[in-house]
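Asks: Give me a model of this one.
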Amino acid sequence: MIAVLQRVSKAQVTIDGQVTGSIGQGLVVLLGVHRDDTEADSTFLVEKTANMRIFGDAAGKMNLSLLDVGGSALAVSQFTLVGDWRKGRRPSYINAAAPEEGERLYEHFMDGLQERNIHVESGRFGAMMQVQLVNDGPVTFVLDSKER
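Replies: Below you'll find the predicted structure:
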C-alpha cells in the first residue's frame, strides 16, 4: 500500500461540483492499494500517518505528529499510485487491488485513523475527484508499506 502524505494548512475534495470533504490543518493522504496488500499494510500506514513527527513545534522543528497538533486527515483513493510506468508509454494498473478489496482497505485505513481520534474527511472511492490543497512547507512524504 502506498500513501502520499502532504502536510496542508487546508484542503478539500470535490465530486461533481459538490465538496465531499474539507479540512484545515492536517494531512492530505493519497492512498493506493496494491493487489497483495492486507489489513496489516493498512494498519502500518495508519500508525505512520498518525505518529510521524512532521509538524512544526514552537521552534519550527518537525517534532509534532498529526495527533500532537490535533490535525485532520483528508483521505483520497488513488489507484494510479500502484501503476507500473516502466514499460511503454501507458501505465499498467494490473498491480492495483480489485475494486472491492481496494475499497475495503481504504475504509480500513480511514477507520484506523478515526479509532485514534483523528478527524477524517474523504473523497469517494473510484470517483473522478478534484483535490485542492495548500501544501504547508511544502512537506510531502511517500510511504510504501512494503518498504518497512
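Asks: Let's check: the centremost residue of the protein is which one?
Replies: residue 29 (1.9 Å; Cα atoms, centre = their mean).
Asks: The helix or strand harbouring it pairs with which strands?
Replies: Residue 29 belongs to strand 26-32 when elements are defined using DSSP states H and E. Note on strand 26-32: by DSSP bridges, its sheet partners are strand 2-15 (antiparallel), strand 72-77 (parallel).
Asks: circling back to that earlier point, what about the residue nearest to the centre of the chain, distance to residue 148?
Replies: Using Cβ to Cβ, to the nearest Å, one obtains 18 Å as the distance from residue 29 to residue 148. Heads up, the C-betas are built off the backbone N, CA and C, glycines and all.
Asks: quick one: which of the strands paired with strand 26-32 is nearest residue 104?
Replies: With Cβ to Cβ as the measure, strand 72-77 is the member of the strands paired with strand 26-32 nearest residue 104 (11.4 Å).
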